[in-house]
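Trainee: Give me coordinates for this.
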Amino acid sequence: MALQQRIPTVEAADVSPVQTSASPAIAALNFAASFHRDAEACRNARDRELLYENYRDKILAIDTFAANVAAAFLPFLRVAASRRDSDAGRWEDFNRLARRGKATRDRASQHLQHQSGVIAAWGLECFQHYGWQALPLPLLRQLHDLAVLMPRWDDVVNLLNSKMLARHELRVLRGKNNALRVGEHSAASKVQDSRSPVERADILAALEWARQKPPRLSRASNSRSRRWSSAGPPLRSLV
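Mentor: Numbers count the residues shown, from 1 in each chain. Down below sits the predicted model:
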């Protein structure tokens, strides 16, 4: 059978940083086929130059995406790294990729990394429900630190509710006017989304408490959480 001079083209799916595939090999071949198809459509040298720059940026985006996600997942996955000696090489590859992600300094990559980490711990529904995608980078990083230390949302609900109640009582019961009541956000607040009752001070107080690594929520935290009105605390477990 003679070789055909031109094989009929088959549409190949474009590979973007957020696209997943059952087989990385198939994704790579589709990506190569997409490049060939686009290169064939170029009309002049300038078209090819722009095409090469476009594919360069796509490849770099995939690489950056992988490094950022690896950095976000590392705290949750590292517990499995020491269990199977046969996978030591793969885990070292993963750790190297994660370290590269953590060293990334551009703000978009850091946002992606910390958002991914919070969502990996507490879930997308929780993250979107409280509008935390709008948090500034420093506070988002601290929320991620809290999620790493306390990955169970039910535990964080009790802790953050206790910190919010303490702040609320400073204003309502003790007359401390610079303490915000639950649901209030000042013009200078780092949290502006009305869906989130949590203030920066609550996240920092919870993070400080979690860094002490107690085995479970203290009785004081639980008893304070029970002092909410019959309407219930502002943060609840999402199902």
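Trainee: three-state assignment of residue 42?
Mentor: Counting by DSSP: H, G, I helix; E, B strand; the rest coil, the backbone at residue 42 sits in coil.
Trainee: what are the phi and psi values for residue 103?
Mentor: The phi and psi values for residue 103, taken as degrees, to the nearest 10, are phi -80, psi -10.
Trainee: so how far is residue 48 from it?
Mentor: Look at residue 103 and residue 48: by CB to CB, to the nearest Å, they are 33 Å apart. Yep, even glycine has a C-beta here, placed from its N, CA and C like the rest.
Trainee: More neighbours: which of the two?
Mentor: Taking other CB atoms under 10 Å, residue 103 and residue 48 do not tie; residue 48 has more neighbours (13 against 9).
Trainee: Just give the closest residue to the more buried one, not the sequence neighbours.
Mentor: residue 42 (4.7 Å; CB to CB, 6 or more residues apart in numbering).
Trainee: how much space between that neighbour and residue 54?
Mentor: Plainly put, residue 42 is 11 Å away from residue 54 if you go by CB to CB.
Trainee: This structure: helices as residue ranges?
Mentor: Per DSSP state H, the chain carries helices over the ranges 24-40, 45-77, 88-102, 107-122, 124-129, 137-149, 153-172, 200-210, 219-225.
Trainee: Buried residues, the fourth one. List them.
Mentor: Residues of helix 107-122 classed as buried: 109-122 (neighbour count, 16 or more other CB atoms under 10 Å).
Trainee: The shortest one too?
Mentor: Residues of helix 124-129 classed as buried under the neighbour-count rule (16+ other CB under 10 Å) are 126, 127.
Trainee: what does that helix contact?
Mentor: 115, 118, 119, 133, 153, 195, 238 (CB atoms under 8 Å, 6 or more residues apart in numbering).
Trainee: Quick check: which ranges of this protein have low pLDDT?
Mentor: 1-23, 79-86, 171-194, 213-239 (pLDDT under 70).
Trainee: Recalculate using a threshold of 80.
Mentor: 1-25, 28, 78-88, 168-196, 213-239 (pLDDT under 80).
Trainee: so what are the domain limits for it?
Mentor: Domain ranges of the chain: 25-104, 134-239, per automatic domain parsing.
Trainee: Can you tell me which of the buried residues of helix 107-122 is closest to residue 88?
Mentor: The closest of the buried residues of helix 107-122 to residue 88 turns out to be residue 120 (CB to CB; 23.4 Å).
Trainee: Assess the claim that that closest one and residue 74 are in contact.
Mentor: No. The pair residue 120 / residue 74 is not scored as a contact, 10.3 Å apart, by CB atoms under 8 Å.
Trainee: residues contacting residue 130?
Mentor: Residue 130 makes contact with 193, 195, 196, 197, 198, according to CB under 8 Å, 6+ apart.
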